[in-house]
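Visitor: Any chance you can model this:
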Amino acid sequence: MYCADCEKIENYFYSETCFWIFFPTIESINKAIVFCGQNHYQAVQKDEKCLAIAIKHAQIKRFLFGLYGEFEPSELACTKITTTDGSELSISDMGKIVTADVLINRFNSTWISQSIDDEKYETHFQPIFKLENNEIKPFAFEGLFRIKDEFDNIVPPAHVFKLAESSDLLFSVDLVARRSAVSHFSKSQLNGKLFINFDPSSIYDPSYCLRATASAINALGIKPEDVVFEITETHSVQDESVMRGILNFYRNAGFGVALDDIGSGWSGLNMLHKYRPDYVKIDMDLVRDLDTEPYKQTIVKHLVHIAKDNNIKVIAEGIETQGEFEILKSYNTDFYQGFLLQKPALFESNVSDERSKEIDNILRGIK
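Guide: This is a model prediction of the structure:
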């Protein structure tokens, strides 16, 4: 599950970095010249709207935060920057040009790139349960990506993905998360389906990226019908035809498709009609205190009914109390997930060291 475009994280910062900054207006570059003069930065005007500024590595944070404070967000979004290691600008350097706000966020997320390089990440699994003869049994395991910072602390996933998106690293982080889920699932030898989260906007090249994912799963001997791709962040979908193409690829390859957070808005119901998933997850905000809130009960009852009428399996997530669980059972919900039943956990490897290395090689080698 390798992708040269997604896994290549460009380096922008060196022991001495030359920032080539292209400003949107004359007023902006004049403001930058004054800023550099006040802070004793070596700035050379290369063009009417371009400055080259040499910054020592120890000063980069101060310099970038200074820019952030000096310019309006709209100016930063329209200002373009690329960097060199002190040399003159080349065509390849122009190929990695980004907006100023993205570069500032990229600097703040340097630890993400380093953690990926150092493989300081893992996948925790939270079971999804079914009722069988009134006995609760695992049906599937949802892979939840966890990445550690330089102090070996697990950083909240929402923060990681938000920072990755703002620093143009979402493609790389999402790919690593998918690969980690497949790797840990294979090594743990869990018995059930694997739910893999993915953000549709993180698919750089649908035909290439999805083929690599399918090839890796096949090479590991995992049956496609045992893998479900759970679509998160459905609001980020910009091109619905591309989205349908992604889902058609997964279905044609034999994988299942799930939609997350159904019921969180009218757009969620619209997704049922547009994408016809195999599974839907009821938004946990609706599940919370469901047993004591009649309004929520009406909504959830009808959501379950709509899904079943369309042959879609329903998963209730975020179950934390016995009362919530009991009322969901009374609605004949298909599957259940939440802290009441089991919290996410890191499952130990159940394969030999030799097989573990083989799995890693397979995932790195698929191109």
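Visitor: so what's residue 70 up against?
Guide: Shown in contact with residue 70 (CB atoms under 8 Å, 6 or more residues apart in numbering): 31, 32, 35. (C-beta placed from N, C-alpha, C; glycine too.)
Visitor: Swap in 6 Å and give it another go.
Guide: residue 35 (CB atoms under 6 Å, 6 or more residues apart in numbering).
Visitor: which residue is nearest the middle of the protein?
Guide: Taking CA atoms, centre = their mean, the centroid of the chain lies closest to residue 174, which sits 4.2 Å from it.
Visitor: any idea of the pLDDT on that one?
Guide: The confidence metric pLDDT takes the value 85 at residue 174.
Visitor: isn't there a helix covering it?
Guide: Yes. Counting by DSSP: H, G, I helix; E, B strand; the rest coil, residue 174 is located in a helix.
Visitor: What's the separation between it and residue 143?
Guide: 12 Å (CB to CB, to the nearest Å).
Visitor: Look at the nearest residue to residue 10 once chain neighbours are set aside and report its pLDDT.
Guide: Of all residues not flanking residue 10 in the chain, residue 96 sits nearest, at 4.7 Å (CB to CB, 6 or more residues apart in numbering). Per-residue confidence (pLDDT) for residue 96: 90.
Visitor: try the one 4 residues further on
Guide: According to the model's per-residue confidence, residue 100 sits at a pLDDT of 94.
Visitor: right, and it touches residue 76 too?
Guide: Yes. At 4.3 Å, residue 100 counts as touching residue 76 under the criterion of CB atoms under 6 Å.
Visitor: Same drill for those two, tell me which one is more crowded.
Guide: residue 100 (23 against 20; other CB atoms under 10 Å).
Visitor: OK, contacts around that one?
Guide: 76, 79, 81.
Visitor: Let me know the distance separating it from residue 135.
Guide: 58 Å.
Visitor: Then residue 154?
Guide: On the measure of CB to CB, residue 154 and residue 135 end up 33 Å apart.
Visitor: ok, these two, which is more surrounded?
Guide: Neighbour comparison, residue 154 and residue 135: the larger count goes to residue 154, with 14 against 8 (by other CB under 10 Å).
Visitor: returning to that earlier point: could you point out which of the contacts of residue 100 is nearest to residue 24?
Guide: Taking CB to CB as the measure, residue 24 sits nearest to residue 79 out of the contacts of residue 100, at 6.2 Å.
Visitor: which residues touch the closest one?
Guide: So residue 79 contacts 23, 100 (CB under 6 Å, 6+ apart).
Visitor: and stretch 214-225, average pLDDT?
Guide: Rounded mean pLDDT across stretch 214-225 is 87.
Visitor: and if you look at stretch 181-200?
Guide: 92.
Visitor: which residues touch that stretch?
Guide: With CB under 6 Å, 6+ apart as the test, stretch 181-200 has contacts from 123, 138-143, 174, 178, 220, 226-230, 232-233, 237, 243, 347, 349-351, 356, 359, 363.
Visitor: count of neighbours near residue 286?
Guide: Neighbours of residue 286 using other CB under 10 Å come to 22.
Visitor: Helix or strand for it, just tell me which one.
Guide: For residue 286, the host element (DSSP states H and E) is helix 284-287.
Visitor: Can I get that helix in CSV, CA atoms only?
Guide: Extracted C-alpha coordinates of helix 284-287, given in CSV (Å, rounded to 0.1, in the frame of the first residue of the first chain):
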residue,chain,number,x,y,z
MET,A,284,-23.4,9.2,18.5
ASP,A,285,-25.0,12.6,19.5
LEU,A,286,-28.4,10.9,18.7
VAL,A,287,-27.5,7.9,20.7
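Visitor: quick one: contacts of that helix?
Guide: By CB under 6 Å, 6+ apart, helix 284-287 touches 263, 296, 300, 316, 317, 318, 319, 324.
Visitor: Where neighbours are concerned, which of those residues has the most?
Guide: Going by other CB under 10 Å, residue 316 tops these with 28 neighbours.
Visitor: Give the phi and psi angles for it, as a check.
Guide: phi -100, psi 120 (degrees, to the nearest 10).
Visitor: How far off centre is stretch 59-72?
Guide: 27 Å (CA atoms, centre = their mean, to the nearest Å).
Visitor: my guess is residue 258 is in a helix, correct?
Guide: No. Assignment of residue 258 by three-state DSSP gives strand, placing it outside any helix.
Visitor: With adjacent residues omitted, what lies nearest to it?
Guide: residue 279 (3.8 Å).
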